[in-house]
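In: A predicted structure for the sequence below; I have some questions about it.
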Amino acid sequence: MDFSNRQNRFVRLDEVSAEYLEHIESLTQNDPYYPSYHIAPKHGLVNDPNGLSYFNGEHHIFYQWFPLGPVHGLKHWYHVSTKDFVHFKDRGVALYPDQDYDQHGCHTGVAVVEGEQLNLLYTGHLVYEPNSGHPTQVLAVMDKDGNIEKKGVVVDYNSKHYTHNMRDPVTIKRGDDYYMLIGAENHQQQGKLALYHGKQIDAYQYKGNVDIGIGEFGYMWECPNYYEDADKAVFIFSPQGVSSDSKYDFKNVFSVVYIVGKPIDTENRKFDHQGYFELDKGFDFYAPQTYLDNKGRRILIGWLGNSKSEYPTDKNYWAHMLTLPREIHIEGNKLRQIPLAELTALRESSEALRPQHNLTSRAFELELEVEQDFIIEFANQGGDKMTFSGNETEWCLDRTHVTETHAEQFGTVRYALRQSNDTLVRIFVDHSCIEIFCDLGETVFTSRIFVSDLNQLHLSKAVGQIHYLSGVHYE
């Protein structure tokens, strides 16, 4: 299907043949870059995680899905659930774009657990075009048996205050009051956080913008995520149109920022804090969402990809995946991200690393202790490689010499300042993605790694273990 014809991006799932879907699924599943233990689409494109929640004894993960190809088209919500992050239930499409208010896509949203129902709040598009649209915020309800019913629009398009870029609701409940935060762009092309208030989850009134206290900061604030923990609050968002002259900051087409501060003063619409930080220093990370589970853990999952770029997997009609689940902790005014403990159950075998180590699988985890100056190369026999290295002041991830590059216009090297003297590094590789955790989780690099026939590790001044990981199981 030719997606340079933008009209094809609005072809519906039931308008294509079963043979077409079987063909692109075969291309996807047989791609050597397809992951084994990350959540990825059976075919087509995945982007933002949605509706993350713990409900009725399971972790529920929804995500944006365009089924017909590796482009942003008519969005659905796809749904998987798990009790242990090893065994998953494939629940299929949760939300189809089938109502007048969401006929051009069911876009990003969140879940709110209330008793025996899971409230899903998302952005529906009556019209969605590159430079125009009619976004609405919609409520759907899932019962404990997994049945979903759309209830309709709860916030209509506020064209007086915002452009058509108004989307991605997140909801807070305080006592009997609901507050909805929506990422937006005002008519002066400035990113804003719109605040709505309601006495029930399906009815809201506009209150104005929340003063985040950072002035003009990009033209659109996508995918806001907000939560409160005791006397602190965390606001995570994806500001579009932000760049920096520093080699350490804002080098992707779009980046992700977090702020730790006091809980939002909803009466005065103000968020007090001591500054913002970039959440991830890699090439391919966007639109993260968090939720609280039954153990009191705050869990984060992000989109392992980014916008405005072609990827080497596009030719096989799939694009992107979700990150591993990470437990996040507030430390002062910073966040730490730690791979979820359940992931150790994926380990099938382990061995000590050698300086020149031959790989028997492209799905593995490294637990390393590194010296101040170290180098790790993820390579093949032809010399193609991705390199992760460090010195006394910085970390560096370099994909200049991989087999297949992408998004070169945004550079091929990423840097981060070292935040501690900690020497432990944990790295997950899954065929074509890599997630690196340093500085006790304060510094994270999330990226794609396109080294064909990846079969070697070269280590200098780094020692540790490799754990080969199994794939996750779906039923």
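Out: Structure's in. What do you need?
In: give the buried residues for the strand ranked longest in the chain.
Out: Ranked by residue count under DSSP state E, the longest strand found in the chain is strand 363-379. Across strand 363-379, burial judged by 16 or more other CB atoms under 10 Å covers 363-366, 368, 370, 374-379. (C-beta placed from N, C-alpha, C; glycine too.)
In: cool, stretch 174-186 as well?
Out: Residues of stretch 174-186 classed as buried: 178-186 (neighbour count, 16+ other CB under 10 Å).
In: what's the closest of those to T290?
Out: T290 lies nearest to L181 out of the buried residues of stretch 174-186, by CB to CB, at 13.6 Å.
In: any idea how far V110 is from the closest one?
Out: 10 Å (CB to CB, to the nearest Å).
In: shared neighbours, the two?
Out: Common neighbours of L181 and V110, counting by CB atoms under 8 Å, 6 or more residues apart in numbering, are 169-171.
In: narrow the residues you listed to those in strands?
Out: Applying DSSP E to those, the entries found in strands are 169-171.
In: quick check: phi and psi at E15.
Out: Per-residue torsions, E15: phi -100, psi 0 (degrees, to the nearest 10).
In: ok, back up a step: output the buried residues of strand 363-379 in a markdown table; the columns should cover pLDDT and distance to D245.
Out: Putting the buried residues of strand 363-379 into a markdown table (pLDDT from 0 to 100; distance: CB to CB, whole Å) gives the following:
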| residue | pLDDT | distance to D245 |
| --- | --- | --- |
| A363 | 98 | 38 |
| F364 | 98 | 37 |
| E365 | 98 | 36 |
| L366 | 98 | 33 |
| L368 | 98 | 32 |
| V370 | 98 | 29 |
| F374 | 98 | 28 |
| I375 | 98 | 27 |
| I376 | 98 | 29 |
| E377 | 98 | 30 |
| F378 | 98 | 30 |
| A379 | 98 | 32 |
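In: same list (these) but as JSON lines, adding distance to K160.
Out: As requested, the buried residues of strand 363-379 are exported to JSON lines (distance: CB to CB, whole Å):
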{"residue": "A363", "distance to K160": "51"}
{"residue": "F364", "distance to K160": "53"}
{"residue": "E365", "distance to K160": "51"}
{"residue": "L366", "distance to K160": "53"}
{"residue": "L368", "distance to K160": "54"}
{"residue": "V370", "distance to K160": "54"}
{"residue": "F374", "distance to K160": "56"}
{"residue": "I375", "distance to K160": "56"}
{"residue": "I376", "distance to K160": "53"}
{"residue": "E377", "distance to K160": "55"}
{"residue": "F378", "distance to K160": "52"}
{"residue": "A379", "distance to K160": "56"}
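In: and for the spatially closest residue to V16 that is not a sequence neighbour, the neighbour number?
Out: Using CB to CB, 6 or more residues apart in numbering and skipping the chain neighbours, the partner closest in space to V16 is L68 (6.3 Å). The number of residues packed near L68 is 24, by other CB atoms under 10 Å.
In: likewise for D156?
Out: Around D156 there are 12 residues (other CB under 10 Å).
In: how about N5, what does it touch?
Out: Counting by CB under 8 Å, 6+ apart, N5 has no contacts.
In: and if you look at L181?
Out: L181 is in contact with 169-172, 193-196, 210, 224, 226, counting by CB under 8 Å, 6+ apart.
In: who does it bridge with?
Out: For L181, the beta-bridge partners under DSSP bridges are V170, L195.
In: where does it land on pLDDT?
Out: L181 is assigned 98 on the pLDDT scale.
In: hmm, back to that, need the worst-confidence member of the contacts of L181.
Out: Within these, pLDDT is lowest for I172, at 94.
In: and the helix or strand hosting H467, what other elements does it pack with?
Out: Per DSSP states H and E: H467 is located in strand 456-469. Judged by 3 or more CB pairs under 8 Å, 6 or more residues apart in numbering; DSSP states H and E, the packing partners of strand 456-469 are strand 347-352, strand 356-358, strand 363-379, strand 424-430.
In: now do it against strand 347-352, angle only.
Out: Going by axes from the mean of the first three to the mean of the last three CA atoms, to 10 degrees, strand 456-469 is angled at 140 degrees with respect to strand 347-352.
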